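Engineer: structure for the following, please:
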Amino acid sequence: MTQRVRKAIFPVGGLGTRFLPATRAMPKEMLPVVDKPLIQYAVEEARASGIEELVFVTGRGKHAIEDHFDISYELDQTLVERGKSALLDETKAWLPTPGQIAYTRQMQPLGLGHAVWCAREFVGNEPFAILLADDLVMSKTPCLRQLIDVHEKTGGNVVAVMDVPKEHTNRYGILDLESDDGRLASIKGLVEKPAPEKAPSTLSIIGRYVLLPEVFGQLDRQEKGAGGEIQLTDAMAKLIGKAPFHGLRFEGRRFDCGDKVGFLEANIAFALDRDDLGEAVRDVLAQYARPR
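Structural biologist: Predicted coordinates for the structure are as follows:
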């Protein structure tokens, strides 16, 4: 019987330079998709997947994230005075419970692997999840829940994967496949950002992981990889053969919100999906789609 996945790590220490000047004083994870910040989507996905403890790995200038998931007495009182009780209840519904969130500092931007390693004491010796807020997934079943379901059946490590164009393999961690049934792939190797001509496949990891705690032992070595950073992919690769390792082609659509076009696309897609906005947004899009 596999141990239940109860904890999730959110690496949120990045600088967000691709979205300057918007991110000069605001964390990139607080950029809104319609009316909700990226980090809230990630937290809601985690909680809907059964996660009980949330660990944020932050850096300088990230106080807005902490404030977002805290009580705002002034705002609450203002909503009460203005008779907006429904909006107040809606706000309180997604707030984590006291003690459910922990924060730790990465202090130095040494890569995703280093950010995950910084949360080791909060995770302890149990399987855990990682969610990257830049990767926003629209799906019927939460993407992380899909990974956890696979983990409960197979044990070991499970990562969310999708096929990318051959010329884009140098942007992702790429799988070297042992077997593949079209949904679940068994992995025999991982390569971080390989050149297209050297990529073993076009199946890439996106920002959802369920990992065994043994990965921390590999990250303890602080070995630098691609870009001179401590790469999570390199540490995961060293776990292959010691426990099952699978890549899941998840149900849903992923939006790369670390990219300006991907971020704009996510705003359009999520707005169209809402009953209160969909029709109006379609009308706006139709105006811009007309020949000029």
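Engineer: could you use CA atoms for every contact and neighbour count after this?
Structural biologist: Will do.
Engineer: would you mark the buried spots in whichever strand or helix holds Phe216?
Structural biologist: Per DSSP states H and E, Phe216 falls inside helix 215-219. Neighbour-count burial for helix 215-219 flags 215-216, 218-219 (criterion: 16 or more other Cα atoms under 10 Å).
Engineer: stretch 255-273 now?
Structural biologist: For stretch 255-273, by 16+ other Cα under 10 Å, it's 255-258, 262-263, 265-269, 271-272.
Engineer: quick one: the helices in the stretch 51-200 of the chain?
Structural biologist: 63-68, 73-81, 85-93, 112-117, 120-123, 143-154 (DSSP state H, counting those that start in this stretch).
Engineer: return the most buried member of those helices.
Structural biologist: Highest mean neighbour count among these (mean count of other Cα atoms under 10 Å): helix 112-117, with a mean of 24.
Engineer: can you name every helix or strand that that helix contacts?
Structural biologist: Applying 3 or more Cα pairs under 8 Å, 6 or more residues apart in numbering; DSSP states H and E, one finds that helix 112-117 makes contact with strand 7-11, helix 215-219, helix 232-237.
Engineer: hey, what's the closest residue in space to Asp180 that isn't next to it in sequence bridged with?
Structural biologist: Nearest residue to Asp180, sequence neighbours excluded (Cα to Cα, 6 or more residues apart in numbering): Ser186, at 6.3 Å. Judged by DSSP bridges, the bridge partners of Ser186 are Ser179, His246.
Engineer: I figured Ser186 hits Glu178, correct?
Structural biologist: Yes - because the distance of 5.4 Å satisfies Cα atoms under 8 Å, Ser186 is recorded as touching Glu178.
Engineer: what about those two, which has more around it?
Structural biologist: Ser186 (19 against 11; other Cα atoms under 10 Å).
Engineer: still on that earlier bit, closest to Pro21 out of the helices and strands packed on helix 112-117?
Structural biologist: Ranking the helices and strands packed on helix 112-117 by proximity to Pro21 (Cα to Cα) places strand 7-11 first, at 21.3 Å.
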